[in-house]
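Peer 1: Kindly generate the corresponding structure for this input.
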Amino acid sequence: MTGAMLVGLALRTSIFLIVFSLGLRATRADVLYLLSRPGRLSRSLLAMNVIMPLVAVGLSLAFNLHPAVKTALVCLSLAPVPPILPKKELKAGGHGSYVIGLLVAAALLSVVFIPLAEHFLRILFNVGIDRPPTMVVGLVAVTVLLPVAAGIVVRRLAPALADRWASPLNTFATILLALVCLVLLLYSWKTGLPLIGNGHVLVIAVFVAVGLLVGHLLGGPEPANRTVLALSTASRHPGVAMAIATGTSPDEKLVIGAILLYLVVNTLLSIPYVKWARGQGAAAVAGAAES
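Peer 2: This is a model prediction of the structure:
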C-alpha cells in the first residue's frame, strides 16, 4: 500500500469515526429535528442552497477570476455541510439537535439539489459543471449518512456502550484527522500558490464572509442557532466539491488548490466570528438574567 493510499484511508477513517461518534450521542429526534420546524428548515436551505450559489455565480461574473477559482466557488456553494463541522458548531454553543438535523438534512437534500442546481446554473448563467449524481450519493452516504445512522443504531441497542465510547472515539479521530491534515498540507500547499494574487484570496474571503453574514442573519432569534447556520452556510464539504469538479475542468489541480485556499481562508475567518458570536451570546444571557 502506497503512502497516498494510507493517507486516504486515514482521512476516510477519521471522518467516519468523527461522524459515527456524533451519531453515538444523537437520537432519532435529533435527526428529524428540522422536519418538525419548517420555518427554520426553509431559512437554512435559503441561506445554504439558494443564496450561496447565487453569491458564487455573482463573484464569478463580477470579477476576472481564474477559471479554477470560478469552478471552485460554484462547486463549494453546491456542496453540503462538511462532516467534521458539527463538532466545531457544538463547541461554539450550537444546539445539538439543530446541528445534527442540519447535517443530515443538507446531506439528504444534496442528492437532489446538486444535479438540479448544476442544471439551472448552466441554463441561466452558463456557469456550472456536470457530474454523475451517483458520485455525490456515494460520498454523502459514506461520509455522513452511513456513520450517523450506525451511531444512532448502536446508541439505541447499547446506550451504555455508546456513552462510554463516544468521547474516546471522537478524541482519537480528531487527533488522526489533525495528523492527516498536516501531512496533506505539507504535500499539497504548492497547488494553491499559483492562485495567490490578483485578488483571488480576497474574493474567496468575500465568499466566506458573505456566508457567515447570511447564515447569521437568517439563523433566527437564538444566538446559538445563528452561529450554527452561519458556520454551515460558509463551510462546505471539500470532498464533495472536489468530486463535483473532478474531470470537468482543464485546470483540475488548480481547482483543488483553490479549494485548499478556501479551507485556509474559511478557518481564519471563522475563528474571530465564533469568538464574537460567543461574546454576543454571553451578553444576551447576562442581559436576560438581569432583567
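Peer 1: right, and the secondary structure at residue 94 would be what?
Peer 2: Residue 94 falls in the coil class when you classify it by DSSP: H, G, I helix; E, B strand; the rest coil.
Peer 1: Just name the shakiest helix or strand of the protein by mean pLDDT.
Peer 2: Lowest by mean pLDDT, DSSP states H and E among the helices and strands of the chain is helix 133-140, with a mean of 67.
Peer 1: list the contacts for residue 257?
Peer 2: Contact analysis of residue 257 by CB atoms under 8 Å, 6 or more residues apart in numbering lists 68, 188, 191-195. All C-beta atoms are positioned from the backbone trio N, CA, C, and that covers glycine.
Peer 1: and which of these is nearest residue 155?
Peer 2: Closest to residue 155 out of those is residue 188 (36.0 Å), distances taken as CB to CB.
Peer 1: ranges for the helices of this protein?
Peer 2: For the chain, helices defined by DSSP state H occupy the ranges 3-25, 28-31, 38-45, 52-62, 67-78, 85-91, 96-125, 133-140, 146-157, 159-188, 200-218, 223-234, 238-245, 252-290.
Peer 1: And the ones you listed, which one averages the lowest pLDDT?
Peer 2: Mean pLDDT values for the helices of the chain show the minimum at helix 133-140, a mean of 67.
Peer 1: before we move on, back to that, which one in the contacts of residue 257 is the model shakiest on?
Peer 2: Lowest pLDDT among the contacts of residue 257: residue 188, 66.
Peer 1: Tell me how far residue 45 lies from residue 84.
Peer 2: Counting by CB to CB, to the nearest Å, the separation of residue 45 from residue 84 is 21 Å.
Peer 1: repeat for residue 105
Peer 2: For residue 105, the distance to residue 84 - CB to CB - is 17 Å.
Peer 1: swap in residue 257?
Peer 2: Residue 257 sits at a distance of 21 Å from residue 84 (criterion: CB to CB).
Peer 1: which phi and psi does residue 237 have?
Peer 2: Backbone torsions for residue 237, taken as degrees, to the nearest 10, come to phi -70, psi 110.
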